[in-house]
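A.B. asks: with the sequence up front, the predicted model follows.
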Amino acid sequence: MNYIPARKIRSSSKWIRTRILSIQGVLFIFLAIILARAFQFQVINREALLNQAESEYKTVLKIAPARGNIFDRNKEELAVSAEMDSVFVRPAKVENHAETAQQLAPILKMDRKEIIKALSTKKGFAWLKRRVPPNVAAQVMELGLPGIDL
């Protein structure tokens with residue numbers, strides 16, 4: 001049998017105890033950080049986060065219903081639903097804002113400044129005009145402007 005001096009056993013158990021205490025200390029610090037963040041979210045920033053959450057799920061959205069055709073007693077159509085397109089812009093793809101607005105304003109019957117504002121947005125997408133008649137949609141597509149689509 002090998003003989004291990006008592007001094008060596010005590011020093012290795014002291015090292016193990018030191019390692020265990022340091023790991024416990026690190027875990028305690030992580031727990032304290034998590035509890036501090038939970039306190040910040042639930043107590044300090046409660047109102048701001050409640051308002052933000054409420055604004056995300058309490059939004060009024062107008063949805064146009066899909067309507068069917070109306071027929072008379074002889075099965076002839078009296079009223080037909082017309083498909084309407086909407087014109088939108090991807091501002092990053094528009095090359096010349098002023099020229100694009102100049103060309104679109106008379107077709108969409110919108111103010112040029114309003115179109116430039118939509119073209120200058122930092123978002124990746126913006127509506128120019130919703131529910132345009134088919135002839136207006138065709139005129140917009142004939143222009144072939146980059147970044148403008150239906």
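C.D. replies: Happy to help now that I have it.

A.B. asks: make it CA atoms for all contacts and neighbour counts henceforth
C.D. replies: OK.

A.B. asks: where along the chain do the helices fall?
C.D. replies: 6-39, 46-57, 97-108, 112-119, 134-143 (DSSP state H).

A.B. asks: hey, which of these is tucked in deepest?
C.D. replies: Among those, helix 112-119 has the highest mean neighbour count (mean count of other CA atoms under 10 Å), at a mean of 18.

A.B. asks: please save the CA atoms from that one in CSV.
C.D. replies: Output of helix 112-119 as CSV, limited to C-alpha atoms (Å, rounded to 0.1, in the frame of the first residue of the first chain):
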residue,chain,number,x,y,z
ARG,A,112,-46.0,64.9,-53.9
LYS,A,113,-44.7,65.7,-50.4
GLU,A,114,-46.8,62.9,-48.9
ILE,A,115,-45.3,60.4,-51.4
ILE,A,116,-41.7,61.7,-50.7
LYS,A,117,-42.4,61.2,-47.0
ALA,A,118,-43.3,57.6,-47.6
LEU,A,119,-40.3,57.1,-49.9
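
A.B. asks: of all the helices of the chain, which lies closest to residue 70?
C.D. replies: Residue 70 lies closest, by CA to CA, to one member of the helices of the chain: helix 134-143, at 21.0 Å.

A.B. asks: so which residues make contact with that closest one?
C.D. replies: Applying CA atoms under 8 Å, 6 or more residues apart in numbering, the contact partners of helix 134-143 are 83-87, 104, 107-108, 149-150.
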